[in-house]
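[1] starting from these lines, generate the structure:
(chains A, B and C)
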Amino acid sequence: MSAPALERLLLQLEVDQFNAAYAAALDEKRFDDWPGFFLEDGRYTVQARENFDRGLPLALIALESRGMMKDRVYGVTQTIYHRPYYTRHVVGPAQVLAAQDGDPGGLVRAQAHYAVFRTRPGDASEVYNVGRYIDEMERTPDGLRLRSRLCVYDSEMVLNSLIYPI
Amino acid sequence: MSAPALERLLLQLEVDQFNAAYAAALDEKRFDDWPGFFLEDGRYTVQARENFDRGLPLALIALESRGMMKDRVYGVTQTIYHRPYYTRHVVGPAQVLAAQDGDPGGLVRAQAHYAVFRTRPGDASEVYNVGRYIDEMERTPDGLRLRSRLCVYDSEMVLNSLIYPI
Amino acid sequence: MSAPALERLLLQLEVDQFNAAYAAALDEKRFDDWPGFFLEDGRYTVQARENFDRGLPLALIALESRGMMKDRVYGVTQTIYHRPYYTRHVVGPAQVLAAQDGDPGGLVRAQAHYAVFRTRPGDASEVYNVGRYIDEMERTPDGLRLRSRLCVYDSEMVLNSLIYPI
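    Below is the predicted model of the structure:
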C-alpha cells in the first residue's frame, strides 16, 4: 500500500467533508460561517451553464473576497425583502481532478454535482437549483479553503429568487 | 500515515455504507430488515424542521425500540390502507462529527443530507421528503447500529402520506 | 490496520470516482466518451423497476457492446429529433457489495442510487429519472470498466423522452 494512495484517500475524505460542512452551514442558515469556507481573497461565482459553456463572462453573482461575501450575507439576512425558504443541499462525492503532488500546500481541483431543494413555509419541497461546483481549494492550517467556487447551474429560471448562497 | 487517520477513513466508509444499505433496504421494500439497523432499544424519530429548530418536542413519528418499529412495519405493510408508491433515497456522504477516540466501542455522531423521491404507479417521480439524518451510532459485533436516528425534514406537506420509513 | 481494509478503501474510492466521472461525461454532453466506461462487450440496460422486480426481461434499452453504444450516441446526437435538454446526475456513494478477494483482476459488484434532473431551455429544473445502478465492473489496465450497468428506474413516465444515456 503506497503512501500516495493513502494521501489520495485522505484528500478525498477532506474534500467530501468540506462539501458536507459547507452544505450544512447553508441549510442550517449559519450564513455568518459561509465566508469562512473561502480564503480571504477567495472568489464565489454563480453562473448559468449556458454562459459557462460558451465561455461568456456574464455571471449572476460574482464575489471576490470574504468582505464581499459578508456584505452579501448582511444583505440577504438584513435588508433584502424576500419570502423565507429553507434550502437542502444534496451533494455527490466530489471528483478530485488534480492535486499538486509532492506539495502538501498545493492547489486542489475538484468538482461535485449538487441538487438544492427549496421549501417554502406551508409548501412542498421542490427542485430549486441543480448544477456543479467547480472548485479550487488550498490547504491552510485550518484545513481546506476555497480559492474559488464556481457554481454552474443548469436552469435560468431561478434568477430573481436566488437569495441564499448555493 | 498515522493510525488515527486510517481509522477515520474506515469509520467514514462504514457510516456511508451503512446509510447506503439502509436506503437500499427501504427502497427495495425489505421493510422487515429495517428495525435491524437499530439497536434493540434504538430510537427512530421523524420531526419537522420547524419544531426541531425551536426545540419543540412534537414529532410526527417517535419509535423507541425495535419492537415498536416492527409494529410500525406490520401496520404499514398489512393494515394501513394507502396508495402504493416507490421511494428512492439519495443520501450524500455523511458528515462524521465525532467519534469517541480510543474507544472502539464508542459512540459515533454523524449527519447526512437526504432526498427521498416518490413514484406512484403511472406517475412521474417527484420530490417527496428532503432533510437530514442526525444519527448516533454504536459499534456492535455486527457493525454499526443506530442508537438514534432523527430525521428532520424541511416540509410539512407530506404528513398524511408519509407511510414508509424515511 | 490490515491490508484488506486498505484495499477496501481504495476500491470504494475507485468506484465512487468512476461514477462521478461517468456522470460528468454525460452531463457535460461528452457522449463520445460514454462507451469508454464499458468493456468492449459491456452491456448497458435501462429497465423499469416493475419489470425488474418481477424478473421480466423487457427493457427499454439494451445495448450489448461498445459498438451498439456508439450507434446509440450517433443516433442521439445526429439523427433523433428531440427538444434539447440538460441533465444533472446526483449519485450517492456506491454500495460495494462484493469484490472477488485475492483476485486483483476480479469482478466488482456495486450498486448506487441516482437522481437525474432535466432542464429544458427556459424551464425550471425537474426530477427526470430516479433509480439505481446495478453494476458489474472489471479491473483493466485503464481502471475500472463496466461489464454491465443495469439502470433500474422507478417511473415509467419518461419513456418517450429518454434520449440521453442515464
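
[2] pull the distance from the longest helix anywhere in chain A to the chain's centre.
    Criterion DSSP state H: the longest helix present in chain A is helix A:3-27. Relative to the mean C-alpha coordinate of its chain, helix A:3-27 is positioned 13 Å out (C-alpha atoms, centre = their mean, to the nearest Å).

[3] ok, that helix near chain C or not?
    Yes - Helix A:3-27 reaches chain C (C-beta under 8 Å from any C-beta of the partner chain) through A:5, A:6, A:8, A:9, A:12. No exception for glycine: its C-beta is placed from N, CA and C like everyone else's.

[4] of the residues you listed, which ones also sit close to chain B?
    Applying C-beta under 8 Å from any C-beta to the residues of helix A:3-27 next to chain C, those adjacent to chain B are A:6, A:9.

[5] who in chain A is up against chain B?
    So chain A meets chain B at A:3, A:6-7, A:9-10, A:13, A:16-17, A:19-21, A:23-24, A:27, A:86, A:88-93, A:115, A:117, A:119, A:122-127 (C-beta under 8 Å from any C-beta).

[6] so residue A:44 is in which element?
    Per DSSP states H and E, residue A:44 falls inside strand A:38-48.

[7] what element comes up after that strand heading to the C-terminus?
    helix A:49-53.

[8] hang on, the earlier thing: what is the rounded mean pLDDT of the longest helix of chain A?
    Averaging pLDDT along helix A:3-27 gives 95.

[9] what comes up buried for it?
    A:6-9, A:11-27 (16 or more other C-beta atoms under 10 Å in any protein chain shown).

[10] apart from its chain neighbours, what residue comes closest to residue A:96?
    residue A:110 (4.9 Å; C-beta to C-beta, 6 or more residues apart in numbering or on different chains).

[11] and the helix or strand the one you found falls within with strand B:107-119, angle?
    Using DSSP H and E, residue A:110 maps to strand A:107-119. Note on geometry: by axes from the mean of the first three to the mean of the last three C-alpha atoms, to 10 degrees, strand A:107-119 and strand B:107-119 are set 60 degrees apart in direction.

[12] tell me the buried residues in the helix or strand just after strand A:107-119?
    Of the helices and strands lying after strand A:107-119 in sequence (DSSP H and E), the nearest is strand A:125-140. Within strand A:125-140, the residues that qualify as buried are A:125-139, counting by 16+ other C-beta under 10 Å.

[13] nearest to residue B:39 among these?
    Within the buried residues of strand A:125-140, proximity to residue B:39 (C-beta to C-beta) peaks at residue A:125, which comes in at 30.2 Å.

[14] what's the neighbour count on the closest residue to residue A:31 other than its chain neighbours?
    The spatial neighbour of residue A:31 that comes closest, neighbours along the chain excluded (C-beta to C-beta, 6+ apart), is residue A:73 at 4.6 Å. Residues near residue A:73, counting by other C-beta atoms under 10 Å in any protein chain shown, number 17.

[15] is residue A:73 in a helix, a strand, or coil?
    Classification of residue A:73 using DSSP: H, G, I helix; E, B strand; the rest coil returns helix.

[16] quick one: pLDDT of it?
    96.

[17] and the gap between residue A:57 and residue A:165?
    Distance of residue A:57 to residue A:165, given as C-beta to C-beta, to the nearest Å: 20 Å.

[18] so which of the two has more stuff around it?
    residue A:165 (23 against 9).

[19] that one contacts residue A:23, correct?
    No - under the criterion of C-beta atoms under 8 Å, residue A:165 makes no contact with residue A:23, lying 10.5 Å away.

[20] where in chain A is the helix or strand with the lowest mean pLDDT?
    strand A:95-99 (a mean of 86; mean pLDDT, DSSP states H and E).

[21] so which elements touch it?
    Judged by 3 or more C-beta pairs under 8 Å, 6 or more residues apart in numbering or on different chains; DSSP states H and E, the packing partners of strand A:95-99 are helix A:3-27, strand A:107-119, helix C:3-27.

[22] what's it in contact with?
    Strand A:95-99 has contacts (C-beta atoms under 8 Å, 6 or more residues apart in numbering or on different chains) with A:8, A:11-12, A:15, A:106-112, C:17, C:20-21, C:24.

[23] what residues sit buried inside it?
    A:95, A:96, A:99.

[24] before we move on, what about stretch A:28-44?
    Here stretch A:28-44 shows A:28, A:31, A:34, A:35, A:36, A:37, A:38, A:39, A:42, A:43, A:44 as buried, counting by 16+ other C-beta under 10 Å.

[25] specify the local secondary structure of the fifth one.
    Right, the one you point to is residue A:36. helix.

[26] for it, give me its contacts.
    Contacts of residue A:36 (C-beta under 8 Å, 6+ apart): residue A:66.

[27] distance check, it against residue A:143.
    In terms of C-beta to C-beta, residue A:36 sits 11 Å off from residue A:143.
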